[in-house]
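**Student:** Provide a 3D model corresponding to the input given below.
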Amino acid sequence: MDPAVVATVLDALTRAASQDTAILKPAEQQLKSWETQPGFYSVLLTIFSNHSLDVNVRWLAVVYFKNGLDRYWRKTASNAIPEPEKTKIREQLIMNFREPVGPIATQLAVLISKIARADCPRNWPELIPTLLANIRRPEHLEQQRALLTYHHVINMLAGKRLGPDRKLFQELTASTFAFLFELWNSHLEGFLHHASLDDHHNMAVLLELSTLALKVLRKQIIYGMTEPEKNTDAMMLIQLVFQRIRPVLEIRGKTPPSNNLREKMEKKILLMMKMLLDIQDTFPLSYVAFIPQSLELSVSYVFTEAGKGLLFERFIVQNMNLIKSIVKCDYYRVSKVIEETKEQGAIDAHKAKNEFFTDSTLREMCHRLLSQYFLLTQEDLEMWENDPEGFTIDEGGESWKFTLRPCTEVLFLAMFHAYRDVFTSVLLQMVQSVQGIVEPTNMEMMLQKEAVYNAMGLAAFELFDEVDFDQWFTNHLLGELGDKNPRYKIIRRRVIWLIGQWLGVKLAPSLHPTVYQAVLPLLAEDEDLVVRITAAQTLKIAVDDFEFKKDNFLPYLESSFALLFQLLKQVSECDTKMHILHVLSFIIERVEAQIRPYASSLAQYLPLLWEESSEHNMLRCAILSTLVHLVQGLGTLSVQLYPFLLPIIQFSTDVSQPPHVYLLDDGIDLWYETIQNAPTMTKELLQLFGNMPALLELGSENLKTCFQIITAYVLLGPNEFMQSYSGAVFAGCVSLLDNVRPEGIVIVMKLVETIFKMFPVEGPQIFRQVLQKVFQRILDKEEYPTVMSMYLSVIARIILKNQSFFFSFLQQYSHLTNEQPDEILSKLLVVWSEKMDWITQAERRKLSALALMALLPSNSRVVTEKFPDVIYAVVEVLHDVCREENGSQVDYLVMGDREDLEDEYETENDKRKRRLSLKDPVHCTSLRDYVILQFTEFERVHGTSTFTKLMESIDLEVRQQLERFFK
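**Tutor:** Got it, this is the predicted structure:
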């Protein structure tokens with residue numbers, strides 16, 4: 001390799017490692033320009049392989065190399081590294097494993113694993129044998145570096161999920177597992193031996209080697225075996241893991257916390273536990289033989305004195321998770337009649353669990369959970385005082401896998417569900433023991449009561465038949481909420497949480513007002529912040545309850561809203577503000593228009609909160625969600641919010657703004673609610689529509705709401721809106737017709753239909769190009785009934801309201817298809833008659849019938865020819881829409897003034913829709929009367945003899961039915 005080239009790249013790397021940006025930036029640009037040059041990665045390899053160079057420069061070289069792999073190693077990548085260069089790189093990378101710097105060794109291991117994922121074994125067959133040969137070397141550094149690399153390679157190969165890749169990994173596991181097992185065992189035995197000599201140096205070396213070996217073995221069992229119970233070494237490994245945990249725990253216990261060896265031992269112990277958990281989860285039936293040992297290990301450490309002085313938090317968590325996994329495992333379930341269970345493994349597992357979990361063991365576990373693990377710790381109490389908002393955040397998700405408190409609660413629920421009788425008995429006894437008045441000075445007793453009440457809340461569903469909660473609530477819990485001693489806040493907070501847990505389970509609706517009343521003092525400003533936040537959550541549960549009755553809550557609405565608003569202003573954490581906003585949103589949503597007298601304070605505060613939350617998009621989402629409910633509650637009064645509301649909608653729905661990825665969904669919902677409740681069009685509302693074309697182009701799952709917004713605009717300010725944006729609306733419709741699924745086409749066509757209703761003359765002219773597509777698809781016999789129904793409805797609107805355009809359009813369309821207009825009309829009427837049954841809505845069936853009748857008097861030969869088909873279709877629809885009243889046939893779709901009734905839940909947009917419907921021929925024209933009128937007109941245009949002749953050509957039964965409608 002040219003030394004001058006190496007020197008040039010080395011110089012650039014040295015400058016790129018500088019702290020001075022004036023030197024660093026040009027060097028970075030230079031290095032970036034070389035990324036696609038052949039030979040660049042070979043030079044980097046030469047540089048980071050030179051142990052005499054500066055560590056920072058070598059580190060930078062290996063990082064540049066690793067990042068380049070991701071972009072240029074694949075054959076299909078543009079500017080891919082040439083194959084000859086890749087071959088040399090692979091050879092050089094595994095020439096030695098003596099890298100002296102740990103972080104660089106790790107980076108090397110990672111980049112070798114990335115190449116292995118792409119090339120091993122097909123293009124790099126020597127990788128695995130070379131690694132194994134170096135792992136066998138006696139020199140610890142080489143063995144450690146090779147084993148570290150092997151671990152990363154195995155990680156990469158295990159992640160390949162295609163069938164051939166999995167088969168290769170299983171073959172690799174079969175050929176190397178025994179060796180690695182022996183390696184792990186010998187290194188761990190060596191560690192234990194050197195621990196007895198207090199030889200910390202060798203302990204550290206051997207512990208690291210055994211840990212790396214175990215990481216590889218864990219991956220190989222999980223991803224490289226299908227039936228580990230048939231592999232003797234795998235079974236022996238699991239057996240030895242049980243035996244090795246205690247000695248390592250004891251050595252850790254004797255090692256001072258300041259010694260970093262202690263932390264490495266903890267990682268080793270956790271890795272052994274993780275291995276047991278993973279095997280139980282992946283191969284539950286293979287694990288059945290180890291259930292007794294697992295339960296013995298975990299229960300003895302966590303729930304007896306055997307673990308005293310040896311435990312640390314994450315180890316307790318892993319043990320609890322192992323117990324829970326065994327107790328809850330679906331594969332270990334048996335039929336009610338055990339003999340009917342088909343899987344022998346399930347019967348053995350059930351037997352092992354029942355033999356282990358005796359009543360005395362279960363009682364001890366339940367008692368220890370509640371009297372030891374459920375208790376608030378000193379750390380919890382300090383967090384309550386120093387960071388009350390942080391204390392109230394529910395970790396949720398899968399935090400039980402890693403954190404003690406949620407893990408404890410999840411285990412408690414799993415055990416309670418599986419062994420309900422024993423756990424119920426112990427829990428109710430403990431409730432009795434803490435039921436009385438507790439002196440606020442007796443912190444131990446207060447913490448015990450708090451823990452027991454926590455368990456009562458968690459197990460609410462399980463205890464449904466065991467507890468008379470109404471009585472307990474009335475006679476005990478309300479009294480406990482009344483104790484205002486500052487130290488008693490622990491109980492007040494837990495009791496109001498407990499009430500929330502039972503609200504939807506077993507609390508009489510008649511007691512709900514008592515809950516509202518009980519919550520209010522706990523929201524007051526002089527109450528502890530943790531209690532206030534918890535009370536807000538309980539109020540949300542109460543308001544969200546299935547049995548909620550608005551009238552019962554209204555007496556408490558003003559107070560609760562004011563107190564929650566004060567709380568919202570006083571909390572400072574983003575998560576807490578979101579939490580309180582959600583409570584306010586629920587209340588607004590539930591009480592609807594009743595919120596109007598109390599909403600002004602919140603409406604004034606939200607702009608300030610919006611400005612403060614520029615870095616917190618999730619809080620802004622909560623603000624948007626709250627505004628949606630506020631606009632719904634305020635109705636037309638939401639106009640007062642426009643100075644704040646419209647800029648927020650504009651910002652949230654502007655796809656050029658980076659935060660739109662978080663805010664768009666809620667922003668569109670808010671836009672829809674705002675336009676729905678707008679009494680009149682304003683200049684600002686009109687300008688807001690400028691964001692819509694980009695949203696239509698985006699074509700997201702919000703498309704339906706976007707079209708609802710456009711429809712609402714058409715109804716709100718038809719003339720000014722269409723003058724400003726008809727071109728944009730047309731362009732959006734045209735582009736979408738070819739790119740959306742059938743349900744999307746229906747949405748587009750509903751908008752087009754609304755525009756035709758509002759603008760029967762101008763609408764078809766604007767959408768002429770869309771109508772060409774519609775016509776073509778009708779004649780091609782569109783295969784989706786709902787879509788065909790919409791296409792025919794749009795054509796029907798034109799025939800009814802703008803027949804001259806319809807015939808001129810036929811003329812124009814005939815030029816495109818080289819057919820006569822009459823031929824096209826004939827095809828249309830044939831399809832229409834055939835597909836009439838596809839139209840299922842009575843309104844749309846009637847619309848088609850009206851349109852077909854409207855064509856009858858026209859001077860078209862085709863219409864006369866198709867006269868019988870038209871009449872058959874119309875008679876069917878007459879049957880659909882006519883009812884007999886007082887001896888005559890009445891069209892029930894005709895609204896008349898009787899339908900023009902106000903509805904208190906109607907939005908302004910609903911009223912506009914209703915007013916438009918009242919003008920719609922479907923709702924203001926009797927089909928029966930219109931048929932008679934068009935027959936008269938047909939007879940006048942074509943003559944009585946033609947009409948009589950055509951009527952006689954119709955089937956007698958159909959004629960008789962028609963006559964009955966005319967009586």
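**Student:** low-confidence ranges, the protein, go.
**Tutor:** Residue ranges of the chain with pLDDT under 70: 1, 395-397, 897-904.
**Student:** now the strands: where do they sit in it?
**Tutor:** Taking DSSP state E as the test, the strands found in the chain are 882-885, 888-891.
**Student:** between these, which one is closest to residue 727.
**Tutor:** Set against residue 727 and scored by Cβ to Cβ, the strands of the chain come closest in strand 888-891, at 38.8 Å. No exception for glycine: its C-beta is placed from N, CA and C like everyone else's.
**Student:** look at the nearest residue to residue 99 once chain neighbours are set aside and say how many residues are nearby.
**Tutor:** Once flanking residues are discounted, residue 99 sits nearest to residue 105: 4.2 Å by Cβ to Cβ, 6 or more residues apart in numbering. Burial of residue 105 is recorded as 19 neighbouring residues (other Cβ atoms under 10 Å).
**Student:** report the contact partners of residue 105.
**Tutor:** Contact analysis of residue 105 by Cβ atoms under 8 Å, 6 or more residues apart in numbering lists 99, 145, 148.
**Student:** tell me the one of these nearest residue 825?
**Tutor:** Closest approach between those and residue 825, by Cβ to Cβ: residue 148, at 79.9 Å.
**Student:** the closest one against residue 212, yeah?
**Tutor:** Yes. Residue 148 is in contact with residue 212 according to Cβ atoms under 8 Å; the separation is 6.0 Å.
**Student:** just the strands of the chain: most buried one?
**Tutor:** Highest mean neighbour count of those: strand 888-891, a mean of 16 (counted as mean count of other Cβ atoms under 10 Å).
**Student:** neighbouring contacts of it?
**Tutor:** So strand 888-891 is contacted by 846, 878, 881-884, 926-929, 964-965, 967 (Cβ under 8 Å, 6+ apart).
**Student:** that one: how far from the chain's middle?
**Tutor:** Offset of strand 888-891 from its chain centre (Cα atoms, centre = their mean, to the nearest Å): 52 Å.
**Student:** run a quick neighbour tally on the closest residue in space to residue 371 that isn't next to it in sequence.
**Tutor:** Once flanking residues are discounted, residue 371 sits nearest to residue 448: 6.5 Å by Cβ to Cβ, 6+ apart. Neighbour count of residue 448, defined by other Cβ under 10 Å: 19.
**Student:** over to the one 5 residues further on?
**Tutor:** Residue 453 is flanked by 23 other residues according to other Cβ under 10 Å.
**Student:** also residue 243?
**Tutor:** 9.
**Student:** repeat for residue 229
**Tutor:** Residues contacting residue 229 under the criterion other Cβ under 10 Å number 16.
**Student:** that one and residue 285, how far apart?
**Tutor:** As for residue 229, its distance to residue 285 is 8 Å (criterion: Cβ to Cβ, to the nearest Å).
**Student:** same thing with residue 880?
**Tutor:** Separation of residue 880 from residue 285 (Cβ to Cβ): 61 Å.
**Student:** tell me which of those two has more neighbours.
**Tutor:** Legend: neighbour count by other Cβ under 10 Å for residue 880 and residue 285, higher for residue 285 (17 against 14).
**Student:** quick one: contacts for the closest residue in space to that one that isn't next to it in sequence?
**Tutor:** Once flanking residues are discounted, residue 285 sits nearest to residue 345: 3.9 Å by Cβ to Cβ, 6+ apart. Taking Cβ under 8 Å, 6+ apart as the contact definition, residue 345 lies against 284-285, 288, 331-332.
**Student:** now residue 383
**Tutor:** Neighbour list for residue 383: 390-391 [criterion: Cβ under 8 Å, 6+ apart].
**Student:** tell me the spacing between it and residue 532.
**Tutor:** In this structure, residue 383 and residue 532 are 16 Å apart, going by Cβ to Cβ.
**Student:** again with residue 202
**Tutor:** Separation of residue 202 from residue 532 (Cβ to Cβ): 57 Å.
**Student:** which one's more surrounded, the two?
**Tutor:** Comparing residue 202 with residue 532 by other Cβ under 10 Å, the one with more neighbours is residue 532, at 26 against 15.
**Student:** isn't the more buried one right up against residue 523?
**Tutor:** Yes. Residue 532 is in contact with residue 523 according to Cβ under 8 Å; the separation is 5.4 Å.
**Student:** quickly list what's touching both of these two.
**Tutor:** Shared contacts of residue 532 and residue 523, defined by Cβ under 8 Å, 6+ apart, are found at residue 567.
**Student:** show me where the stretch 551-700 of the chain has helices.
**Tutor:** All helices of the stretch 551-700 of the chain, identified by DSSP state H, counting those that start in this stretch, fall at 574-591, 600-612, 617-634, 642-652, 660-676, 683-688, 692-698.
**Student:** okay, these in TSV with distance to residue 853 and mean neighbour count next?
**Tutor:** Output for the helices of the stretch 551-700 of the chain, formatted as TSV (distance: least, Cβ to Cβ, whole Å; neighbours: other Cβ atoms under 10 Å):
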stretch	distance to residue 853	mean neighbour count
helix 574-591	47	21
helix 600-612	53	15
helix 617-634	42	22
helix 642-652	45	19
helix 660-676	36	22
helix 683-688	39	16
helix 692-698	37	17
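**Student:** could the ones you listed go into JSON lines alongside distance to residue 768?
**Tutor:** Putting the helices of the stretch 551-700 of the chain into JSON lines (distance: least, Cβ to Cβ, whole Å) gives the following:
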{"stretch": "helix 574-591", "distance to residue 768": "44"}
{"stretch": "helix 600-612", "distance to residue 768": "44"}
{"stretch": "helix 617-634", "distance to residue 768": "37"}
{"stretch": "helix 642-652", "distance to residue 768": "32"}
{"stretch": "helix 660-676", "distance to residue 768": "28"}
{"stretch": "helix 683-688", "distance to residue 768": "25"}
{"stretch": "helix 692-698", "distance to residue 768": "20"}
